[in-house]
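# Sharing a model prediction with you, sequence too.
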Amino acid sequence: MTSIETATFGAGCFWGVEHAFRRKFGSKLKRAEVGYAGGDAANPNYKQVCTGTTGHAEVLQVDYNPAELSFEELVDFFYRSHDPTTLNRQGGDKGTQYRSSILFHNEEQRVQAQAFTDRVRPKFGSAGISTIIEPVGQFWKAEDYHQLYLDHNPEGYQCPTHFERSWEKIEASNQ
């Protein structure tokens with residue numbers, strides 16, 4: 001029996017996050033949807049989340065088979081595919097809805113996310129890591145037009161911080 005697990009990440013505008021994860025992991029992602037999590041409002045919509053008053057982050061939620069793809073591989077890519085050193089910001093996008101966050105689904109994910117974060121923190125030098133490790137709470141799927149947005153709108157906005165970096169480049173740029 002195949003065990004499917006779920007992971008949720010906030011790393012700025014969810015269009016670019018989804019695009020980057022799909023490009024990197026392809027069919028290893030059994031499901032990938034953008035939405036809202038980490039907030040208090042019930043059934044929030046994009047307009048509400050953009051006000052910054054709901055407490056939600058724009059997030060990507062993925063299902064994966066841990067026999068094919070580990071949670072640590074997902075967290076590793078998460079840190080290498082955005083700027084985790086800026087508080088509530090990615091590129092020109094500002095606000096708590098763009099926070100860098102790993103939204104854990106269980107205690108094992110919380111422990112793994114914290115251990116990985118502690119291990120890579122020195123690589124970011126004095127810039128530090130502003131990533132929040134928080135419980136996922138309720139995930140609210142974003143409106144249909146946000147799903148696969150950059151596939152449907154290849155000229156659409158993509159945050160300039162969403163690209164894969166090597167750990168060597170991260171260390172070199174933070175010394």
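Alright, I've got the coordinates.

# Any stretches of the chain with poor pLDDT?
The chain contains residues with pLDDT under 70 at 1.

# just the helices in it please.
Assigned by DSSP state H, the chain shows helices spanning 14-25, 46-50, 71-80, 107-120, 149-152, 167-173.

# helices or strands up against the first one?
Under the contact criterion of 3 or more C-beta pairs under 8 Å, 6 or more residues apart in numbering; DSSP states H and E, the helices and strands touching helix 14-25 comprise strand 5-11, strand 29-37, strand 57-64, helix 71-80, helix 149-152. (C-beta placed from N, C-alpha, C; glycine too.)

# Among the helices of the chain, which comes closest to Ser126?
helix 167-173 (11.8 Å; C-beta to C-beta).

# List the buried residues of that closest one.
Under the neighbour-count criterion of 16 or more other C-beta atoms under 10 Å, helix 167-173 has Ile170 buried.

# Just the CA coordinates for that helix, please, in CSV.
The C-alpha trace of helix 167-173 is given here as CSV (Å, rounded to 0.1, in the frame of the first residue of the first chain):
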residue,chain,number,x,y,z
TRP,A,167,24.2,25.7,-1.5
GLU,A,168,27.6,26.8,-2.6
LYS,A,169,26.1,30.0,-4.2
ILE,A,170,24.0,30.7,-1.2
GLU,A,171,27.0,30.4,1.1
ALA,A,172,29.2,32.6,-1.2
SER,A,173,26.6,35.3,-1.5
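
# what helices or strands is that helix leaning on?
Looks like helix 167-173 contacts no helix or strand (3+ C-beta pairs under 8 Å, 6+ apart).

# Pull the distance from that helix to the chain's centre.
For helix 167-173, the gap between its own C-alpha mean and the chain's C-alpha mean amounts to 20 Å (C-alpha atoms, centre = their mean, to the nearest Å).

# One more: stretch 76-95?
Between the centre of stretch 76-95 and the centre of its chain there are 9 Å (C-alpha atoms, centre = their mean).

# Which positions in that stretch come out as buried?
77-86, 88-91, 93.

# Give me the residues contacting that stretch.
With C-beta atoms under 8 Å, 6 or more residues apart in numbering as the test, stretch 76-95 has contacts from 9, 11-13, 17, 20-21, 24-25, 50, 52, 96, 98-100, 102, 116-117, 120, 124, 127-131, 159-167, 170, 174.
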